[in-house]
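J.: Give me the fold of what follows.
(6 chains)
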There are 4 protein chains.
Amino acid sequence: MTPQPNPERRSERARRAVLDAVFEVARAKGYGKTTIEAIAATAGVGKPTVYRWWPSKGAIALDAVNDRIGDSMDFPDTGDIVADLTAQLTAVAAMLTGDIGALYRGIIAEAQSDPDLAAALRATFLEPRIRRCVGRLDTAVAAGQLRADLPTRTMVDILYAPVYYRILLGAGPEETLRSPLLVETVLEGLRPS
Amino acid sequence: MTPQPNPERRSERARRAVLDAVFEVARAKGYGKTTIEAIAATAGVGKPTVYRWWPSKGAIALDAVNDRIGDSMDFPDTGDIVADLTAQLTAVAAMLTGDIGALYRGIIAEAQSDPDLAAALRATFLEPRIRRCVGRLDTAVAAGQLRADLPTRTMVDILYAPVYYRILLGAGPEETLRSPLLVETVLEGLRPS
Amino acid sequence: MTPQPNPERRSERARRAVLDAVFEVARAKGYGKTTIEAIAATAGVGKPTVYRWWPSKGAIALDAVNDRIGDSMDFPDTGDIVADLTAQLTAVAAMLTGDIGALYRGIIAEAQSDPDLAAALRATFLEPRIRRCVGRLDTAVAAGQLRADLPTRTMVDILYAPVYYRILLGAGPEETLRSPLLVETVLEGLRPS
Amino acid sequence: MTPQPNPERRSERARRAVLDAVFEVARAKGYGKTTIEAIAATAGVGKPTVYRWWPSKGAIALDAVNDRIGDSMDFPDTGDIVADLTAQLTAVAAMLTGDIGALYRGIIAEAQSDPDLAAALRATFLEPRIRRCVGRLDTAVAAGQLRADLPTRTMVDILYAPVYYRILLGAGPEETLRSPLLVETVLEGLRPS
DNA sequence: AAGTAACCGAGACGGTACGTCTCGTCTTGCG
DNA sequence: CGCAAGACGAGACGTACCGTCTCGGTTACTT
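T.: Numbers count the residues shown, from 1 in each chain, chains lettered A, B, ... in the order given. Below you'll find the model as predicted:
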């Protein structure tokens, strides 16, 4: 979609170095004060190399987050939807308060005024995870564990929303991790009647 | 806390001009590309005047938003908690998708890497409104309209979270305004058992 | 002519620092490898300050040369045109082989593909000096020391040309300073018949 | 001297394409804005091929000028030294104001801060031509047409200098082509007494 | 005729400097 | 003494070229 140079000749070494560097710089100075200049310097890479492959700092960070998370946040399926959701949301909340979360919150912030980044965030990060969650919830609905008269997509929103809300609006980690309580409460509204 | 010059001699004209200018510039170029330089120029005000009274762009925007909203988003109390919450959340969602919302989302974004701004956002904007909401919910709990075994503070989080979540993670306006459905669903979980 | 900011508010400190820095950097690394970046850094001045007042490296160098030479190369008038010209041309040749000359040759080089700089070089440096030389030659013509059937302007060209020729085409200093012999020879052709 | 690859295997096609390209690019954008990148692209040649055979842009241009001029500027010998010099200098002045001249002036400019290029310019271009001129002048001296008490090498300097001087210091073409007058005047000083 | 060496095109790379933009501070009159 | 105006030091921005370095591919010699 974006007109890039020949990706076959791309240097894997440089790609790795940049993705690692964005974490390192963000840890040292905070995401807001992270500059592409510093990322390039830390990675031992020329600035044009960075700009050749990524359109913005946020795009680098998104790549780095995706790369680091990989499939490690896959959705569990033990048959118990409450336990699965609690486990998953706790993992997400933990992620959001760690190193990766610092980057991730920066990405969301930057996406507020960068539509391309917002689209990439949805397409490469949110949608796949939402879809997997939707799949798990569909199973639960089929098993009669959740009400059937509400789109599972909407359920996902209701479940994840509090976690993001608390992180982005500044709740401390301890509060965030009360999420088990949240899950149970929200699930009250999702029980089959 | 911040060492400012004598506020009694402050020019009200300059204050008004700056608060109006931040809206005008943000509307014209987007919050992300709004610079203090442009705000000062549009306001017909010297840059030092801006820096004398506000520590950052976000602080100006927060002042402007607070100034413009005033008490207009006060919480209704018709006795019907469902109607009141629906009305209030719809109003919030509408605000977040308009001119003010653009600024507001910018403030939240900037607060991700500016702790001072995050604190100011909580202290001058969120907390007062949350407290008013908590008050209304306490009344509803007392009236037996809501379950009593959950802190009303947590209820507020669960109710508002989906609105913010959808706005900040890029749902379109149409989706956002499905919030009445959300409210009802969430309230299912808050009903007294 | 060039639209600059208000020159009254210009910082004399910054101006001096830049003019000195161009000499220092050129001495250290050669004019060709002198960058505006290095000039600004050496001067302890921001790059925009440099670009605010000068359009190019050559323009800075030209200012610096003019500033340093000042009136020190004024034309002598002892009544003896041969002695005066010899003195003057020797001084020019000496200048061209020293620190100032290194810069000056760089300016001439840069002017080859920068018409604005070429114009500035003629207007602020060459023309005033040529005019003073013409004045001296006119006196000599009036005194019958030089032929009257040749424009004194052309005489100036013929007299100065060999000095520049040797410097720019790479003659060493020793050769250049044979200029007394050159002057005498050229003057043979300028004697009244 | 410079360690090059086996010249026997050199691609004549690439050589020609580069020498032609430097003219084309310089005509289109001016010598100063001519880049090796553009030369290679215009020539349809890889950058390493250029760098393999030439150390700098100036070296390419010098090769191109030498290649294009060839022997076409050979010195005439009609027996009349005044006519021969006038013809020759007029031809040089004409060359210097044309396409080749634009390149040539660029080479001289670049040579001011590139000693290798300066040396190559003298060795491959200037010296052979000066030597041929010296030969012609020696003949004239022997024929009693020129004074014998001045090294003919110096005479060459005095004769060519005004042409270069006017071109390099920015005199317009019309002035430059007054060179016949110059020649006569200068020759006054070279006549046998 | 096959093998092989080296030049070729293409173009990504680590860099440097460019000229611009915006920051937040400092300086200078004006009211 | 706060104000407008705006120059300043600082430094990141995104771009253009630099000169180097792989890559395959294509000659053109060697065996």
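J.: Okay, and A:Val18 sits in which element?
T.: Using DSSP states H and E, A:Val18 maps to helix A:12-29.
J.: does that helix come close to chain B?
T.: No - using CB under 8 Å from any CB of the partner chain, helix A:12-29 never reaches chain B; the gap is at least 9.6 Å. Every residue, glycine included, has its C-beta placed from N, CA and C.
J.: Does anything pack onto that helix? Which helices or strands?
T.: Identification of packing neighbours for helix A:12-29 by 3 or more CB pairs under 8 Å, 6 or more residues apart in numbering or on different chains; DSSP states H and E yields helix A:36-43, helix A:47-53, helix A:57-69, helix A:99-111.
J.: now the angle between helix A:12-29 and the first one, please.
T.: In this structure, helix A:36-43 runs at an angle of 120 degrees to helix A:12-29, with axes from the mean of the first three to the mean of the last three CA atoms, to 10 degrees as the basis.
J.: same for helix A:36-43, what does it pack against?
T.: Right, helix A:36-43 is packed against helix A:12-29, helix A:47-53, helix A:57-69 by 3+ CB pairs under 8 Å, 6+ apart.
J.: Just put those in CSV and tack on distance to B:Ile81.
T.: Formatted as CSV, the helices and strands packed on helix A:36-43 follow (distance: least, CB to CB, whole Å):
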stretch, distance to B:Ile81
helix A:12-29, 43
helix A:47-53, 53
helix A:57-69, 40
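J.: Which one, of these, ends up nearest to DNA strand F?
T.: helix A:47-53 (4.4 Å; CB to the nearest atom of the strand).
J.: Say whether DNA strand E is contacted by that closest one.
T.: Yes - using CB under 7 Å from any atom of the strand, helix A:47-53 reaches DNA strand E at A:Lys47, A:Pro48, A:Thr49, A:Arg52, A:Trp53.
J.: quick one: least confident helix or strand in chain A?
T.: The helix or strand of chain A with the poorest confidence is helix A:173-176; it has a mean of 57 (mean pLDDT, DSSP states H and E).
J.: Need the pLDDT of the closest residue to A:Ala17 other than its chain neighbours.
T.: Nearest in space to A:Ala17, with sequence neighbours left out and distances taken as CB to CB, 6 or more residues apart in numbering or on different chains, is A:Ala43 at 3.9 Å. For A:Ala43, the pLDDT comes out at 96.
J.: what's the burial count for A:Ala43?
T.: For A:Ala43, the neighbour count with other CB atoms under 10 Å in any protein chain shown is 23.
J.: That one contacts A:Val25, doesn't it?
T.: No - judged on CB atoms under 8 Å, A:Ala43 makes no contact with A:Val25 at a distance of 9.1 Å.
J.: any idea how far the residue of chain A found nearest DNA strand E lies from C:Ala64?
T.: Scanning chain A for the residue nearest DNA strand E gives A:Gly46, at 2.7 Å (criterion: CB to the nearest atom of the strand). Look at A:Gly46 and C:Ala64: by CB to CB, to the nearest Å, they are 33 Å apart.
J.: which one of the two has more residues nearby?
T.: Taking other CB under 10 Å, A:Gly46 and C:Ala64 do not tie; C:Ala64 has more neighbours (23 against 12).
J.: List the contacts of stretch A:13-27.
T.: A:34-35, A:38-40, A:42-45, A:49-50, A:53-54, A:57, A:60-61, A:63-64, A:67-68, A:99, A:102-103, A:106 (CB atoms under 8 Å, 6 or more residues apart in numbering or on different chains).
J.: is any part of stretch A:5-17 close to DNA strand E?
T.: Yes - using CB under 7 Å from any atom of the strand, stretch A:5-17 reaches DNA strand E at A:Pro5, A:Asn6, A:Arg9, A:Arg10, A:Ser11, A:Arg13, A:Ala14, A:Ala17.
J.: isn't A:Arg153 right next to A:Glu127, touching?
T.: No - the criterion here is CB under 8 Å, and A:Arg153 misses it with A:Glu127 at 10.8 Å.
J.: Check whether whichever strand or helix holds A:Leu89 comes near chain B.
T.: Assigned by DSSP H and E, A:Leu89 belongs to helix A:81-97. No - between helix A:81-97 and chain B, judged by CB under 8 Å from any CB, nothing touches; the nearest distance is 11.5 Å.
J.: Figure out how far that helix is from the centre of its chain.
T.: 13 Å (CA atoms, centre = their mean, to the nearest Å).
J.: pLDDT wise, what is the residue nearest to A:Asp63 when sequence neighbours are not counted at?
T.: Nearest residue to A:Asp63, sequence neighbours excluded (CB to CB, 6+ apart): A:Leu19, at 6.0 Å. For A:Leu19, the pLDDT comes out at 97.
J.: distance of A:Leu19 from A:Glu8?
T.: On the measure of CB to CB, A:Leu19 and A:Glu8 end up 19 Å apart.
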